[in-house]
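A.B. asks: how would this look folded up:
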Amino acid sequence: MRLRPEVRQFIRNRRWVHRGDVVFYGTNLRCDAFSTDRGGFRHSSFKGETLSVADCTKRDRYGLVLGPSSVYGFGLGGNENTMPSLLAERFGFPFANVGLPEGNSRNLFSILLSIIARSAEPPAAVVHISGGDFTSFCYTSIADPIFGPPNLKQIQMVLKERGGRPAAKQQMPALLNFTSLWIRSVAQVCRANKIALVLADDTTFFEKTNPSELEIQSELGKPFNPSQERQFATHRSFVEDYHSRRKAVAEALGVPLAGPGKTNAIGFIDEFHYDADGTRALCQDFGNALEPLLR
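C.D. replies: Next comes the predicted model:
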């Protein structure tokens, strides 16, 4: 917060609420750094307009970016600097920001399906970032092959039910089955509705080769409590397994997997959220993969 003052507004205004069994950001938030709509989605920008998800889906042509808080743009000041806004700038039609706290592929599939069912036209393009499947698992080392890891507000309840954390290695197959199932489901509904789809090979600070001076000063990668020690250790131990499964699913589906791959040189605000330059670099990769699908 000292090195990146804009992060303060996200901390001060952060509010998580349940919508059914899914955690969303607070609704109708307004501050200098960001704003949310009545559903709790962060606004995106297009040609000077501030657009809710509902505003985007009423357009003749629109896209969706589905993902966790990296799509929402935690710590990234200015709605115009988020992934959906940058893709809208490139392609000339609005993209909606469908980013949730640790949003997983099952929940994002449900939102995608509801938008297709309720909108006059399906989206022209979908960029799906599935990293929330894995990062939510790293908090608890618990996953169900259909329903996935518990959400952020369920963690203590689930740990009490289980009598503690199981070994992550034992639960990792269930997580891989979960992410395979719902990534395939996203791909199938896009194919059925002739929607251009790109799977995003998103990455984290832990896969970065050479940290910047600002990242070193921020002590990224250093755990500050026992919970982070477990989370970071689980991530490092199993990120290769998760990356390999995501790559295999994309190849089997014939869907492009766009992004830097196993290593990266992009900028981070914290271990899991990109700064403005990092976000733009990722969107360049996503846009390059999407462009031929929209011709």
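
A.B. asks: sketch out the low-pLDDT regions of the stretch 1-150 of the chain for me.
C.D. replies: Applying pLDDT under 70 to the stretch 1-150 of the chain picks out no residues at all.

A.B. asks: for it, just list every one of the strands.
C.D. replies: For the stretch 1-150 of the chain, the strands defined by DSSP state E, counting those that start in this stretch cover 16-19, 22-25, 44-46, 49-51, 63-67, 95-99, 125-129.

A.B. asks: okay if I get those strands as JSON lines plus mean neighbour count and distance to residue 110?
C.D. replies: Quick note: C-beta positions are derived from backbone N, CA and C, even for glycine. Compiled in JSON lines, the strands of the stretch 1-150 of the chain are given as follows (neighbours: other C-beta atoms under 10 Å; distance: least, C-beta to C-beta, whole Å):
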{"stretch": "strand 16-19", "mean neighbour count": "13", "distance to residue 110": "11"}
{"stretch": "strand 22-25", "mean neighbour count": "21", "distance to residue 110": "8"}
{"stretch": "strand 44-46", "mean neighbour count": "25", "distance to residue 110": "20"}
{"stretch": "strand 49-51", "mean neighbour count": "17", "distance to residue 110": "21"}
{"stretch": "strand 63-67", "mean neighbour count": "28", "distance to residue 110": "10"}
{"stretch": "strand 95-99", "mean neighbour count": "29", "distance to residue 110": "11"}
{"stretch": "strand 125-129", "mean neighbour count": "26", "distance to residue 110": "13"}
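
A.B. asks: the ones you listed: which one's closest to residue 238?
C.D. replies: Relative to residue 238, the nearest member of those by C-beta to C-beta is strand 125-129, separated by 18.1 Å.

A.B. asks: I'd like the distance between residue 196 and residue 295.
C.D. replies: 10 Å (C-beta to C-beta, to the nearest Å).

A.B. asks: then residue 150?
C.D. replies: In terms of C-beta to C-beta, residue 150 sits 42 Å off from residue 295.

A.B. asks: neighbour count winner among those two?
C.D. replies: The neighbour count for residue 150 versus residue 295, taken as other C-beta atoms under 10 Å, is higher for residue 150 (23 against 5).

A.B. asks: hang on, the more buried one packs against residue 158?
C.D. replies: Yes - contact between residue 150 and residue 158 holds when scored by C-beta atoms under 8 Å: they sit 4.3 Å apart.

A.B. asks: helix, strand or coil for the closest residue to residue 257 other than its chain neighbours?
C.D. replies: Take residue 257 and drop its neighbours on the chain: the residue closest to it by C-beta to C-beta, 6 or more residues apart in numbering is residue 250, 3.9 Å away. In the three-state summary, residue 250 is assigned as helix, counting by DSSP: H, G, I helix; E, B strand; the rest coil.

A.B. asks: and residue 250, how many neighbours does it have?
C.D. replies: Burial of residue 250, expressed as a neighbour count using other C-beta under 10 Å, amounts to 20.

A.B. asks: and it, how far is that from residue 179?
C.D. replies: Distance of residue 250 to residue 179, given as C-beta to C-beta: 11 Å.

A.B. asks: for residue 141, same thing?
C.D. replies: From residue 141 across to residue 179, the span is 15 Å (C-beta to C-beta).

A.B. asks: what does residue 239 give?
C.D. replies: Taking C-beta to C-beta as the measure, residue 239 falls 13 Å from residue 179.

A.B. asks: so what sits against both of the two?
C.D. replies: In terms of C-beta atoms under 8 Å, 6 or more residues apart in numbering, residue 239 and residue 179 are both contacted by the residues residue 134.

A.B. asks: what about the two, which has more around it?
C.D. replies: Residue environment comparison for residue 239 versus residue 179 gives the larger neighbour count to residue 179, 26 against 19, counting by other C-beta under 10 Å.

A.B. asks: is it true that that one touches residue 106?
C.D. replies: No - counting by C-beta under 8 Å, no contact exists between residue 179 and residue 106, whose distance comes to 9.2 Å.

A.B. asks: where do the contact lists of these two overlap?
C.D. replies: Applying C-beta under 8 Å, 6+ apart, one finds that residue 179 and residue 106 are jointly contacted by residue 148.
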